[in-house]
Structure formats: structure tokens, C-alpha cells
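Trainee: just coords:
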């Protein structure tokens, strides 16, 4: 089984992070949110330190999807942690919009 501990090569870890993001996005479309959160969290686990600087788009996509799926599953703590990562690291206002929408939807549902 592939995991971050037995994947020493940085390029391979990035490849697995991207593949898990794609699998998570496919699961969201199904919709199979339980599988989606597993894929997305697995993708996040493959990110190296400094991923917000070095792999910004991938990091943003993983954490935005994590927040959205966590909201759909009713996991408010997980959603909040993912949203905070986006809000703390987004480079511009437009990159925060989807996450702001997730946050507002969570308030409406509360």
C-alpha cells in the first residue's frame, strides 16, 4: 500500500497527491463523500513542508475540497480546520471565495 512513509521521492509524493485529488473530485461527482474525504485527506498527507509556496494550486484545491466535503458530511471541526488553512494561505481574495461560500452554507445549515 502506498503511503507517505514509504514514498521517499518528492516527485512521487506530488504525483500521489494529484491522483488522490482527482479521485476525490470524482467521488464528489458521484456523490460518495465518505470516499472523497479519504482520497482528499490522503492527498494532503503527501504534501511536503512548504507546499503552499511550492504547490499552491494543488494545496488550494485539496484544502478547498476537504472543507466542502467535510461540510457535506457534517464534520464541522474538520471543515473549520481546512477553511482556516485556505484563509491563512490564499494569495488573493478570489482564491477564498469558494471557501467563504462553504463557510456561509455551514452557518445557514446550523
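Mentor: Perfect, thanks for sending it. As the structure is a computational prediction, the values presented were derived from the model and not from experiment. Residues are numbered from 1 along each chain as shown.
Trainee: where exactly do the helices run in this protein?
Mentor: Here the chain has its helices, by DSSP state H, at 10-29, 33-45, 51-54, 56-72, 76-89, 93-109.
Trainee: Low-confidence bits of this protein, can you list those?
Mentor: Within the chain, the segments meeting pLDDT under 70 span 1.
Trainee: quick one: contacts for residue 25?
Mentor: Neighbouring residues of residue 25 by CB atoms under 8 Å, 6 or more residues apart in numbering: 36, 65. Backbone N, C-alpha and C define where each C-beta goes, glycine included.
Trainee: swap in residue 86?
Mentor: Counted by CB under 8 Å, 6+ apart, residue 86 has contacts 60, 63-64, 67, 95-96, 99.
Trainee: Please tell me how far it sits from residue 56.
Mentor: Residue 86 sits 11 Å away from residue 56, taking CB to CB, to the nearest Å as the criterion.
Trainee: before we move on, back to that, so which of the helices of the chain is nearest residue 4?
Mentor: Closest of the helices of the chain to residue 4 is helix 33-45, at 5.1 Å (criterion: CB to CB).
Trainee: thinking again about what came up before, which of the helices of the chain has the highest mean neighbour count?
Mentor: Mean neighbour count, computed with mean count of other CB atoms under 10 Å, is highest for helix 56-72 among the helices of the chain, reaching a mean of 22.
Trainee: and the angle for that helix with helix 93-109?
Mentor: Angle, helix 56-72 to helix 93-109, by axes from the mean of the first three to the mean of the last three CA atoms, to 10 degrees: 10 degrees.
Trainee: Excluding sequence neighbours, find me the nearest residue to residue 86.
Mentor: Excluding its sequence neighbours, the residue lying closest to residue 86 (CB to CB, 6 or more residues apart in numbering) is residue 99, at 4.4 Å.
Trainee: hang on, the one you found packs against residue 83?
Mentor: Yes - in this structure, residue 99 is within contact of residue 83 by CB atoms under 8 Å, at 5.3 Å.
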